[in-house]
Every structure is written in structure tokens, then in C-alpha cells.
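Asker: coords please:
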Amino acid sequence: MNKTQIKELCGAIAQMNTKDQIKSSFTIKENFAYFTPEGHKGYKINVNVLSEIVEEIPKSNYSRLISDVFNTIATYGINQININQSDLLQLARQHKKENSKTPFIFEYHGKNYGFQSRYIIDALKTLGAKSRIYISNEKYSKLYIESEIGAIIILPMRLNANSTIKADYTE
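Answerer: Next up is the predicted model:
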């Protein structure tokens, strides 16, 4: 793991530890820690990775909330989006700078899906340059990003007419 990944994961754990309501969703199940620091991103991180970078792993409260979201995606299925991570990161940073209040759009099979560009940036910085990106097959598709250290799910945003910057990708 590089310094940026360590910083991002430590920041997510620190953010999660600040609120009692959020703390209650931290769960360790089958060697993975599931948590959400702010409710818009769900993390599934290998416990061994966390133990290497944080002084103390938070207490598991055995909530099924976050792990169920990951299991639901597995049930409904996901489709990989073949996009260069550095291109996606550049587009997301451009969008954040110019249009931070509007969704960052993915067009997939004729449908548009919107996400917060800052969450995409955070996820790619946390999971690293070799991340794989997927769109779920659910009605309100989530963005699923994974790498060797774990995965992050980003919840969708509502779309409106002002949402114009799109990520280019190939299937």
C-alpha cells in the first residue's frame, strides 16, 4: 500500500469513529471489516490490511447493514466498466472542481447513473491504481470499486438536466 492509500483508510476510520450512530455499523465478518464513515460510501476492507495501518481496529458491533449491501450487489450482479483509472480520476477531479454540486454521470447501456465525484476520487485513492470498476444491475445502480485490499460501494445521486460531464469507457 502506498502513503495515499494508508492516509485515506486512516481518515475513513477516524471519521467513522467520531459519531456513535456510525460506529454502530462497523462490522467484522469473514476477515473483512464493513463500515460507512458518512453513509454515502460503504467499505469492505480486509482486516489484515486494516491491522497493518491503524493502531486499533474499532469494536465490531455485528451490524448486517453494510455487509448486506455488498451481498445484495453480489445477488443482483455487476458489470465491469473498462475505463482507465487515471482518466476516470482526471475526469472526476475536473467535475469536482467545476460542478461539485451536480452528479458525475456514467452512461451504461443507454441509462445514466450519477455519483458524487469526490467519492469516486476518494475510492480510487483508497483502493489504488489497479482498481476495477463495476456498475450493479439494480434499479438504482451503485458504483462498485474493488482492488486487492477490498472494495468500496458508492451510492447513486439523483440526476437532473445540469448533469453533463460523462465518463467515457469501453465495454
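Asker: and the most centrally placed residue in the chain, what are its bridge partners?
Answerer: Nearest to the geometric centre of the chain sits Ile152, at 3.2 Å (C-alpha atoms, centre = their mean). Counting by DSSP bridges, Ile152 forms beta bridges with Tyr43, Ile145.
Asker: spit out the contact partners of it.
Answerer: By C-beta atoms under 8 Å, 6 or more residues apart in numbering, the residues touching Ile152 are 41-44, 122-123, 126-127, 144-146. All C-beta spots, glycine's among them, are computed from the backbone N, C-alpha and C.
Asker: the residues you listed into TSV, with extra columns for distance to Phe26?
Answerer: As requested, those are exported to TSV (distance: C-beta to C-beta, whole Å):
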residue	distance to Phe26
Lys41	14
Gly42	11
Tyr43	10
Lys44	12
Asp122	18
Ala123	18
Thr126	16
Leu127	19
Tyr144	20
Ile145	20
Glu146	20
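Asker: just the buried ones out of these, please.
Answerer: 41-44, 122-123, 126-127, 144-146 (16 or more other C-beta atoms under 10 Å).
Asker: what's the burial count for Glu38?
Answerer: 11 (other C-beta atoms under 10 Å).
Asker: contacting residues around Ser147?
Answerer: By C-beta under 8 Å, 6+ apart, the residues touching Ser147 are 127-128, 130-132.
Asker: Ala12 is in what secondary structure piece?
Answerer: helix 3-16 (DSSP states H and E).
Asker: just the buried residues of that helix, please?
Answerer: Buried-residue list, helix 3-16, by 16+ other C-beta under 10 Å: 5, 8-9, 12-13, 16.
Asker: right, I'll call it a day here.
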